[in-house]
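Peer 1: With the sequence up front, the predicted model follows.
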Amino acid sequence: MNDTRFDRTFRTPYSEGYVLMRGRDRLGTLDIHFTTTTVHGTLVVTQDLTQEELSELIEQIDEDLVLSADTPRDDFIIISYRGTELGYFDDSLRPGQRGPNLDFPGEEDAE
């Protein structure tokens with residue numbers, strides 16, 4: 001998993017968000033939240049990973065992003081999910097509008 005790149009999408013005083021890339025392929029997303037004693041992470045991968053690959057990825061996250069943040073911690077807790085991206089939404093999407101990449105299987109086109 002050493003070929004995984006972490007592209008930061010946001011940073012606040014106590015959290016960071018990343019898109020995970022493997023080469024040109026999107027591997028998933030990661031949110032990290034720093035508290036006074038614990039770092040919490042939410043990892044969503046969009047590709048099938050073996051248990052070994054997932055463990056290596058979490059270890060790389062810890063080494064490259066958590067430990068390098070120079071924030072003291074007693075524990076790093078991460079929850080991981082396997083998911084499918086359904087779309088990207090922002091304030092330009094208004095009620096009743098169809099957003100990008102919202103082609104759900106089995107749904108008829110409402111237009």
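Peer 2: Perfect, I can see it now.

Peer 1: How about the residue nearest in space to the middle of the chain: what's its closest non-neighbour residue?
Peer 2: Centroid check for the chain by C-alpha atoms, centre = their mean gives residue 29 as the closest residue, at 1.6 Å. Closest residue to residue 29 apart from its sequence neighbours, by C-beta to C-beta, 6 or more residues apart in numbering: residue 44 at 5.1 Å. Bear in mind the C-beta positions are built from the backbone N, C-alpha and C, glycine included.

Peer 1: Now do the contacts for that neighbour.
Peer 2: Residue 44 sits next to 28-30, 80-83 when contact means C-beta atoms under 8 Å, 6 or more residues apart in numbering.

Peer 1: show me the contacts for the residue nearest to residue 84 when sequence neighbours are not counted.
Peer 2: Taking C-beta to C-beta, 6+ apart, and ignoring the residues beside it in sequence, residue 84 has residue 46 as its nearest neighbour in space, at 6.5 Å. Going by C-beta under 8 Å, 6+ apart, residue 46 touches 26-28, 82-85.
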